[in-house]
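Visitor: Dropping a prediction and its sequence here:
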Amino acid sequence: MSLAKGEHGHLYAVILAGGRGTRFWPRSRRRSPKQLMNLWGETSLLQQTVERLRPLILPENVWVFTNEYLVRQVVRQLPQVPRNQIVAEPVQRNTAPCIGLAAELIATKDPEAILAVLPSDHVIRKPAGFRRVIRLAARQAQKGKIVVLGIAPRWPETGYGYIEFSQPPLVSSPTAMRVKRFREKPPLAVAQRYVRSKRFYWNSGMFFWKATTFLQALHAYLPKTAAVLASIGARVEKHETKAYQRLRSVLQEMYPACENISVDYAVLEKAPNVVGIACDIGWSDVGSWNALYDLLSHDSQGNVLRSQALLSDCRGLLVDVPGKLVAGIGLEDLVVVETKDALLIVRRERAQEVSKLVGQLEKLRCEDLL
């Protein structure tokens, strides 16, 4: 199979769109999370994820995996994606079962399928370069490789996992290289050492493999879950007009038996055939209000104003308070976000901790604020 044929035929996108985006509270909520919001640009992050794949992967080869809360909104936002290919997990079981389910369903339809597994809530500012990397990754996947994308670190980030390459890669000329190991989110001193070595790259959470390659790995390393997913695939008819209704029923019955584990732990850290591609594609995981601040345009004092503001001697603010004038004097490096029922004020460098507030709200059973 040539990749030219596979670009529209055997190349599929598996988009993971079930997250809650808790670091973007109070704007991001359980029923209206980050990936469905217009945080950067005029469309949602999910819509941008699908559109940047054109013409490499067309909507008929896009599968989206979300949850029961969000499936109707996803269908509304992506009318170009076939309804049978928008799948709702009845319970969350992390990424390994979800991706395994995708591989099972797509391989039933196309045994030669190559999967591009992509988060739904990232920003990629160099889409043409990204598509070139996808072509390279797909060629490696055709050879039976498991491919991960590494992002050249721009600073010693402690909130990302890292990929360690066998030798320093050349971002200017992307090529597939052996991955030595995966590293957990490091403390600052370790992250600084990683960056200096030039062998460690941020783990982007984007993966490529043949569906059959991944299923073989899943059977080897997570046999219980693989067996459950195979049974689900066997019970779903291939060409049913409303296959999503049949699938929903089967998933509600069987999917909870899958283990709750990430694809990193289940497969990537164990498989011997993992290669990485280091790339510079203008990537951001938009993982916090501070990450969004870095993406957006600033005024002369480094402020990002998404609503009306009157500021004196203020620097480094992100202000998002629709319908109100925000006035401030002598403030620095704050995020100020208001919704109809909540106000968040946090120092930018601690914006990652907003998810802890959501955890506290869950313990207090403040369902109307989640």
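Guide: Thanks, I have the structure now.
Visitor: what residues are up against G282?
Guide: Neighbour list for G282: 123-126, 129 [criterion: C-beta atoms under 8 Å, 6 or more residues apart in numbering]. From N, CA and C alone the C-beta is placed, and that goes for glycine too.
Visitor: ok, it to Y194 distance?
Guide: 21 Å (C-beta to C-beta, to the nearest Å).
Visitor: Likewise for Q252?
Guide: Distance from Q252 to Y194, by C-beta to C-beta: 43 Å.
Visitor: chain center to stretch 159-175, what's the gap?
Guide: With C-alpha atoms, centre = their mean, to the nearest Å as the basis, stretch 159-175 stands 19 Å off its chain's centre.
Visitor: I should have written stretch 363-370 there, sorry.
Guide: 25 Å.
Visitor: which residue is nearest the centroid of this structure?
Guide: Nearest to the geometric centre of the chain sits P119, at 2.1 Å (C-alpha atoms, centre = their mean).
Visitor: That one against W283, yeah?
Guide: No. Judged on C-beta atoms under 8 Å, P119 makes no contact with W283 at a distance of 10.4 Å.
Visitor: hang on, the earlier thing: give me the more crowded residue out of Q252 and Y194.
Guide: Y194 (21 against 14; other C-beta atoms under 10 Å).
Visitor: which SSE is that one in?
Guide: Using DSSP states H and E, Y194 sits within helix 188-197.
Visitor: what's that helix packed up against?
Guide: Secondary-structure packing of helix 188-197 (3 or more C-beta pairs under 8 Å, 6 or more residues apart in numbering; DSSP states H and E): strand 162-165.
Visitor: for the next helix or strand after the strand it packs on, which positions count as buried?
Guide: Beyond strand 162-165 on the C-terminal side, the first helix or strand identified by DSSP H and E is strand 176-183. Neighbour-count burial for strand 176-183, counted by 16 or more other C-beta atoms under 10 Å, picks out 176-177, 179, 182-183.
Visitor: Next: stretch 62-80.
Guide: Counting neighbours by 16+ other C-beta under 10 Å, stretch 62-80 gives 62-67, 70-71, 73-75, 77-78 as buried.
Visitor: right, and out of the residues you listed, which lies closest to K109?
Guide: Of all the buried residues of stretch 62-80, W63 has the smallest distance to K109: 10.0 Å, by C-beta to C-beta.
Visitor: now that closest one, nearest residue through space, not along the chain?
Guide: Q85 (4.5 Å; C-beta to C-beta, 6 or more residues apart in numbering).
Visitor: mind listing what the one you found touches?
Guide: Shown in contact with Q85 (C-beta under 8 Å, 6+ apart): 62-64.
Visitor: nearest to R23, of these?
Guide: Of these, the one sitting nearest to R23 (C-beta to C-beta) turns out to be V64, at 21.8 Å.
Visitor: What pLDDT is listed against L36?
Guide: For L36, the model assigns a pLDDT of 98.
Visitor: Does it touch L46 like I think?
Guide: Yes. With contact defined as C-beta under 8 Å, L36 and L46 form a contacting pair (6.0 Å).
Visitor: any common contacting residues for the two?
Guide: 74, 77.
Visitor: Could I get the average pLDDT for the longest strand seen in the chain?
Guide: For the chain, the strand with the greatest residue count under DSSP state E is strand 200-210. The pLDDT scores in strand 200-210 average 97.
Visitor: okay, the angle between it and helix 188-197?
Guide: In terms of direction (axes from the mean of the first three to the mean of the last three C-alpha atoms, to 10 degrees), strand 200-210 departs from helix 188-197 by 70 degrees.
Visitor: Neighbouring strands of strand 200-210 in the sheet, and parallel or not?
Guide: Using DSSP bridges, strand 200-210 pairs in its sheet with strand 114-119 (antiparallel), strand 146-151 (antiparallel), strand 162-165 (antiparallel).
Visitor: Counting by contacts, list what the following helix or strand past the first one packs against.
Guide: Spelled out, that is strand 114-119. Per DSSP H and E, strand 114-119 leads on to strand 123-124 as the next helix or strand towards the C-terminus. When contacts are defined as 3+ C-beta pairs under 8 Å, 6+ apart, strand 123-124 sits against strand 283-284.
Visitor: before we move on, the earlier item: and the contacts of the helix holding Y194?
Guide: If you take C-beta under 8 Å, 6+ apart as the criterion, helix 188-197 is touched by 153, 155-158, 162, 164, 168, 183, 186, 200.
Visitor: Quick check: of these, which lies closest to G287?
Guide: The closest of those, once distances to G287 are taken by C-beta to C-beta, is E157, at 9.4 Å.
Visitor: Off-centre distance for stretch 335-343?
Guide: Worked out by C-alpha atoms, centre = their mean, stretch 335-343 lies 25 Å from the chain centre.
Visitor: In CSV, list the contacts of G282 along with pLDDT, distance to R52 and neighbour count.
Guide: CSV is the format used below for the contacts of G282 (pLDDT from 0 to 100; distance: C-beta to C-beta, whole Å; neighbours: other C-beta atoms under 10 Å):
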residue, pLDDT, distance to R52, neighbour count
V123, 97, 10, 19
I124, 97, 6, 19
R125, 96, 10, 13
K126, 96, 10, 15
G129, 95, 11, 15
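Visitor: Specify which member of those residues is nearest to L325.
Guide: For the contacts of G282, the nearest to L325 is V123 (29.1 Å; C-beta to C-beta).
Visitor: How about that closest one: what's its closest non-neighbour residue?
Guide: S284 (4.6 Å).
Visitor: Narrow the buried residues of stretch 62-80 to those in helices?
Guide: 71, 73-75, 77 (DSSP state H).
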